[in-house]
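Asks: Below are the sequence and a predicted model for it; my questions follow.
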Amino acid sequence: MRNNNTFLSLAFLLFLTAAFAQTKVSGIVIDDTKLPVPYANVQFKGSTQSVVTNEDGKFYIESPTAYTKILVSFMGYKTKEVDLPKAVNYDFTVTLQPENELNAVTIYTGKTSKKNNPALDILRKIWERRRKNGLYMFDQYQMEKYEKVEFDMNSIDSAFMKRKVFKGMEFIFNHVDTSDVTGKTYLPIFINEQLSDVYGDNKRTKKKEVVKATKNSGFTGNQQIQAFIKDLYAEYNIYDNYLLFFDKSFTSPLSRTGIDVYNYVLRDTAVIDGKSCFNIVFYPRRKSELTFKGDFWVADTTFAIKSINMAVTKSANINWVKDIYIEQEFEVVNDSVFLLTKDYMMSDFAFSKKDESKGVYGKRTTYYRNHKFNLKKPDEFYKQDVNFLDPTIYQKDEKYWDEHRFEELNADEKGVYQMLDTLKTVKKFRRLYSTVEILASGYINYGWFDYGPIYSTIGYNQVERFRLRTGGRTYFGPNDPWRLEGYVAYGFGDDKFKFGLSGKWMVDKKSRLIVYGGYRRDVEQIGADLTSTNDVLGRSNASSSVFASGSNGKLTNIQLATAALEFEPVKNLRIKSGISYRTLRSANTTDEFSLDYYTTLPTQNAPGVVAKEVKQTEMQFEIDWTPKRQNIGYGVERDVVDNPYSRVFFRLSSGIQGMFDSDFEYQKLQLYYRQPIIIGAIGRSFITTEVGKTYGTVPLGLMNIVPGNQTWWQIDNTFANLDFYEFVADEYVTMHWEHNFQGKLFARVPALRKLNWREIIGVRAVYGTVSDENRAINASGLIYRAPENVYYEYGFGIGNIFKVFRLDFSWRGNYLELPDARRFAVRGSFGFYF
């Protein structure tokens, strides 16, 4: 699942939803029975340029060169030569006749054989040489890189141009062009260019990219858009077994497992740049799997890829993306070295996969040049900046770009800069853009002040009943070095006002040295997670869920004051130290729930002394390591690119008795670990483990509550079949495992295949104990119950329902004899799923 900011950024691009080639051809290939021929090869005669028809037999091919014939071929059929009567030829129908004579290429029909197939012999040679080709042949390498990312509205027609929403913005359609991949008209609406130097060391597996210049139009400063672009086009290597696009693992046509999911056909041989090459066509064995169709040229001696073209099949189980097209070109340096010089990727984003649907093209073109090898750099050189700060990269003039671009922009690309600058002066466009920013960020901007978050305005719990909240934050821009934030809330059930105020200031940008401080007075569900933070304004969804299961009055009045200091000594390693003071008292005025504890234990002659409020001063030390996490921005708050990354979090908390009248002295150790695991074509797993132990005697308010979930919605790292406070512990170990097959199993069931549902399975377990000393001071009336026999749940879920909804079903594994034990639970969640 991806975050909703990504969805809203893409939805905005969808909503917004003159050079011509010499030869254009589109049409359909059918057989003598009038059925379409999928994956047939269509080639301009006299060239190596070709395309493969889609699952419906349709194709589009374009070239800047004038051609008069095309060749159409497919295994089991005679190759057909078709005359082109004019330069632009649309809606051709090409009929192929069955091959009467068998030969080495046409002996296969439908699914190709895995035996005696010359294409597979070549593929095995590619596997043997995969690490001997290109950059992998050298200890070190460096090169220049130019990258251009562009977004375009597509399928532009006269009816679309006349829509009322574009009134006053008609000038944008002066830049409409035609795609050389799909033949559709498109309008550029965003362009981003970047120049950089890339360095790598194969022996030490290190890589660094130094950005020299960046230029963009359209949405400058919008961190959601920037994060979306960065996440959208992650790097990939076609020689890898699996290629990750849009959070999905596609099987590469060069994968060692490709034989099981692809058909391969040796189609042709030709001399390219002085090298004899084989041409191999590939296409999927089954529908609905994450695979490609296309072809590649491979050298006949080194078995290095010279060029490859591939497109995702229409039936692939992926949302919002109608087409993905990839093209790579490699340069022959010498007899044994082939280097990637061009990488082109185009995605067609749309709400529907119908041919006539309108959408947005996302195109990335990357060029590499000036390769140098075996120039060793010291380890210190590869150390990544914690906070990249070089404003000069955004200030390069037009002369600089004209001199350093690897290829000249076409007329439409040049015009998009001016067009977007003009568009931002149009009042209607500014309103549309502001609306999307509000939906994406949750804040309404008024100059330097943001009102929100609007999604927290209304809440409900058993103590406050309905709750209203209003608040805001300072916002001068996405990279503010300091920020203040506050809120006021009112509960109609307890007739009380709540409030919170926090501030943060980045003292040193290079090391991200940040000072925090704040105060909050509110009602909280403190048993909603194990590894909680002292974020003053952070509040769990469980504290005010409008929809919940069962009765929950186990809420706490909390007053929390914090001060902290944090920094990043190396990238993605955050170290934080702070102090907090809190008071905790039951928010429930009835006897249903209390946090009472004995200050003097009862004896046979005396009932003991009971306190109803916990007052606690605590010192905290935290280490948070998130390797491979990507961030956007360099201010006191940053956006995170929504790519899966590992996380290791450690906290040491120390209660200080007597400081500010604090009640308890203890030490608490907590460790959190989360690891995503991509398991090739069968999906992705997430494993989360939490471990903790408290040394010392503490009351219920300071114990570790095993997090239940009484809402109707899925909450990460909670137990769906547990109520709040059903289990408590002062030492614990938890494990959460979830695996998403991403539709792999449902794709094998014809009745479910078209639904594009995705299957999820999972197991959750916890072990914990409570010491005798902590049981002894308990005066809350709650019976301490620890999961000493390892409590567990298991379940499955169905994701991608209507593309935005997920439903999870969970069964309780044990402790079924407990009063009011929930044997079965259903939880839902909304989100943006590719």
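Replies: Yes, it's here. Keep in mind that this is a model prediction, so the values were computed, not measured. Numbers count the residues shown, from 1 in each chain.

Asks: In this structure residue 793 contacts residue 766, no?
Replies: No: Residue 793 is not in contact with residue 766 according to Cβ atoms under 8 Å; the separation is 9.4 Å. Bear in mind the C-beta positions are built from the backbone N, C-alpha and C, glycine included.

Asks: Name the residues contacting each of these two.
Replies: Applying Cβ atoms under 8 Å, 6 or more residues apart in numbering, one finds that residue 793 and residue 766 are jointly contacted by residue 719.

Asks: Now tell me what touches stretch 766-782 from outside.
Replies: For stretch 766-782, the surrounding residues in contact (Cβ under 8 Å, 6+ apart) are 591, 593-598, 601, 608, 610, 697-700, 703-704, 706, 719, 725, 727-735, 784, 786-788, 790-792.

Asks: If any of those are buried, give me the ChimeraX selection for them.
Replies: Restricted to buried positions by 16 or more other Cβ atoms under 10 Å, the ChimeraX selection for the contacts of stretch 766-782 reads:
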select :593,594,595,596,597,598,697,698,699,700,703,704,706,719,725,727,728,729,730,731,732,733,734,735,784,786,787,791,792
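
Asks: And the average pLDDT for the top strand by length along the chain is what?
Replies: Identified as the longest strand of the chain according to DSSP state E is strand 185-201. Strand 185-201 carries an average pLDDT of 85.

Asks: Can you list the helices and strands that it packs against?
Replies: Counting contacts by 3 or more Cβ pairs under 8 Å, 6 or more residues apart in numbering; DSSP states H and E, strand 185-201 is packed against strand 140-154, strand 177-178, strand 206-217, strand 359-373, helix 411-423.

Asks: and of these, who's closest to residue 283?
Replies: For residue 283, the closest of the helices and strands packed on strand 185-201 is strand 359-373, at 23.5 Å, according to Cβ to Cβ.

Asks: after the closest one, next one along is what?
Replies: Heading C-terminal from strand 359-373, the first helix or strand you meet, by DSSP states H and E, is helix 398-404.

Asks: and that next one, how far from the chain's centre?
Replies: 34 Å (Cα atoms, centre = their mean, to the nearest Å).

Asks: which outside residues touch that helix?
Replies: Contact partners of helix 398-404, identified using Cβ under 8 Å, 6+ apart, comprise 146, 193, 195, 212-213, 215.

Asks: What's the mean pLDDT across that helix?
Replies: Mean pLDDT, computed over helix 398-404, is 90.

Asks: same question, stretch 635-642
Replies: Regarding stretch 635-642, the rounded mean pLDDT is 82.

Asks: Could you do stretch 80-94 as well?
Replies: Mean pLDDT, stretch 80-94: 83.

Asks: Only alpha carbons, please: show that stretch as PDB.
Replies: Extracted C-alpha coordinates of stretch 80-94, given in PDB (Å, rounded to 0.1, in the frame of the first residue of the first chain):
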ATOM      1  CA  LYS A  80       3.700 -11.000 -44.100                       C
ATOM      2  CA  GLU A  81       5.100  -7.900 -45.900                       C
ATOM      3  CA  VAL A  82       2.700  -5.000 -45.900                       C
ATOM      4  CA  ASP A  83       2.900  -1.900 -48.100                       C
ATOM      5  CA  LEU A  84       2.400   1.500 -46.500                       C
ATOM      6  CA  PRO A  85       0.500   3.700 -49.000                       C
ATOM      7  CA  LYS A  86       1.400   6.900 -47.100                       C
ATOM      8  CA  ALA A  87       3.500   8.300 -44.200                       C
ATOM      9  CA  VAL A  88       0.700   8.100 -41.700                       C
ATOM     10  CA  ASN A  89      -1.400   4.900 -41.700                       C
ATOM     11  CA  TYR A  90      -3.900   4.300 -38.900                       C
ATOM     12  CA  ASP A  91      -6.300   1.300 -38.300                       C
ATOM     13  CA  PHE A  92      -4.500  -1.200 -40.500                       C
ATOM     14  CA  THR A  93      -5.800  -4.800 -40.300                       C
ATOM     15  CA  VAL A  94      -3.100  -7.400 -41.000                       C
END
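
Asks: if we can go back for a sec, in its sheet, what does the longest strand of the chain sit against?
Replies: Using DSSP bridges, strand 185-201 pairs in its sheet with strand 140-154 (antiparallel), strand 177-178 (antiparallel), strand 206-217 (antiparallel).

Asks: May I have it exported as CSV, CA atoms only?
Replies: This file holds the C-alpha atoms of strand 185-201, laid out as CSV (Å, rounded to 0.1, in the frame of the first residue of the first chain):
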residue,chain,number,x,y,z
THR,A,185,-1.9,13.0,-28.4
TYR,A,186,-0.4,14.4,-25.2
LEU,A,187,0.1,17.8,-23.5
PRO,A,188,3.3,18.3,-21.4
ILE,A,189,2.3,19.7,-17.9
PHE,A,190,5.5,19.1,-15.9
ILE,A,191,9.2,18.7,-16.6
ASN,A,192,12.2,18.1,-14.4
GLU,A,193,15.9,18.0,-15.5
GLN,A,194,18.9,17.0,-13.5
LEU,A,195,22.6,16.7,-14.2
SER,A,196,24.9,14.7,-12.0
ASP,A,197,28.1,12.7,-11.7
VAL,A,198,27.9,9.0,-10.7
TYR,A,199,30.7,7.2,-8.9
GLY,A,200,30.8,3.5,-8.0
ASP,A,201,33.1,0.9,-6.5
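
Asks: Quick one: low-confidence residue ranges for the stretch 101-250 of the chain.
Replies: Within the stretch 101-250 of the chain, the ranges that satisfy pLDDT under 70 run 101-113, 131-133, 155-184, 218-233.

Asks: again, 50 this time
Replies: Low-confidence segments of the stretch 101-250 of the chain, defined by pLDDT under 50: 101-109, 221.

Asks: and if you look at the stretch 451-600 of the chain?
Replies: For the stretch 451-600 of the chain, no range has pLDDT under 50.

Asks: Sweet, I'm off.
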